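Q: kindly return the folded structure for what I paste below:
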Amino acid sequence: RNMVQEFHVLRCCSCQTYQVQQVKKSKKWNCKLCGEKQSFGRGSGVDCRRHVQKANARRGEILEEKEASKQRTEHPISAL
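A: Numbers count the residues shown, from 1 in each chain. This next block holds a predicted model:
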């Protein structure tokens, strides 16, 4: 009997490199290039979309915070 192996296409959150990993029971993986330890999820389309929306919203908040911090550093308010 021939079992077909399944693989995931993953993108590292640190170095942004795409890579292929064999499917295994663990939901954790290490980037082959930079060694960053990461995890991934799986589920129904609805569950995955909800998770991605939350993650992207949080990412947007972090980027806004960084931009605001950068603005304060570049244009500090003068003390009177």
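Q: pLDDT below threshold where in the protein?
A: Within the chain, the ranges that satisfy pLDDT under 70 run 1-2, 76-80.
Q: where do the domain boundaries of it fall?
A: Domain assignment for the chain by automatic domain parsing gives 1-42, 43-75.
Q: buried stuff in the shortest one?
A: If I follow you right, that is domain 43-75. By neighbour count on 16 or more other C-beta atoms under 10 Å, the buried set for domain 43-75 is empty. Glycine gets a C-beta too; all of them are placed from N, C-alpha and C.
Q: SS state for the residue at minimal distance from the centre of the chain?
A: Closest to where the C-alpha atoms of the chain average out (C-alpha atoms, centre = their mean) is Cys13, at 4.4 Å. When classified by DSSP: H, G, I helix; E, B strand; the rest coil, Cys13 comes out as coil.
Q: just the one 3 residues further on next, same as before
A: The three-state label for Gln16, taken from three-state DSSP, comes out as coil.
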